[in-house]
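# Sequence first, predicted model second:
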Amino acid sequence: MTMQEDNSLILDQLERLGTLERVCEGLTQDHIEGGWTVRGIRVHCKAVEQERDDLRSQLVELEKFGEWWKERMRTHLTIIYGAIGKSDPEGCADQTVRLDERLAPQITASYSSTKPQ
């Protein structure tokens, strides 16, 4: 076997090891060592499915809250822009909300990388 073939084999094995590590994430050592039964796997799957459903429900609620907040912000901005004499307060408010929507992922990413763990 050539050095290039050896390197290729090692890289393939490392990739497979990484895949197996991701598959085993969240499992206890007992599970990995074979202490799992079909019943245990089913119970675990049900728990994972329930967690997924809970997260989906939370996401729906957060999306509703986000829409409510944008409407509230748009209303307040329209009032503020009207009070300072903007010619199209509703248009200005819509522009500000759209800008906020575009910046939100960047702000969230910046905050996530600086907050303490």
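Structure's in. What do you need?

# can you give me the helices for this structure?
Using DSSP state H, the helices of the chain run over 3-24, 29-32, 38-83, 89-114.

# what's the longest one packed up against?
For helix 38-83, the helices and strands in contact under the criterion 3 or more CB pairs under 8 Å, 6 or more residues apart in numbering; DSSP states H and E are helix 89-114. Placement of C-beta: from N, CA and C, glycine included.

# Average pLDDT for the helix it packs on, rounded please.
Confidence for helix 89-114, expressed as mean pLDDT, is 71.

# re the thing from before, including mean neighbour count, could the helices of the chain go into CSV?
Converted to CSV, the helices of the chain look like this (neighbours: other CB atoms under 10 Å):
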stretch, mean neighbour count
helix 3-24, 10
helix 29-32, 11
helix 38-83, 11
helix 89-114, 12
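
# So the residue nearest in space to the middle of the chain versus Asp53, what's the distance?
Central residue of the chain (CA atoms, centre = their mean): Leu59, 9.8 Å from the mean position. With distances taken as CB to CB, to the nearest Å, Leu59 is found 11 Å from Asp53.

# quick revisit: if I look at the residue nearest to the centre of the chain, how far off is Arg74?
Distance check for Leu59 against Arg74: by CB to CB, it reads 22 Å.

# list the contacts for the residue nearest to Thr96 when sequence neighbours are not counted?
If the residues on either side of it in the chain are set aside, Thr96 comes closest to Leu77, at 5.4 Å by CB to CB, 6 or more residues apart in numbering. When contacts are counted by CB atoms under 8 Å, 6 or more residues apart in numbering, Leu77 touches 89, 92-93, 96-97.

# Mean pLDDT lowest where, among the helices of the chain?
When mean pLDDT is averaged over each of the helices of the chain, helix 89-114 scores lowest at a mean of 71.

# Need the per-residue pLDDT for Gly85.
83.

# okay, now it: neighbour count?
Residues lying near Gly85 (other CB atoms under 10 Å) number 7.
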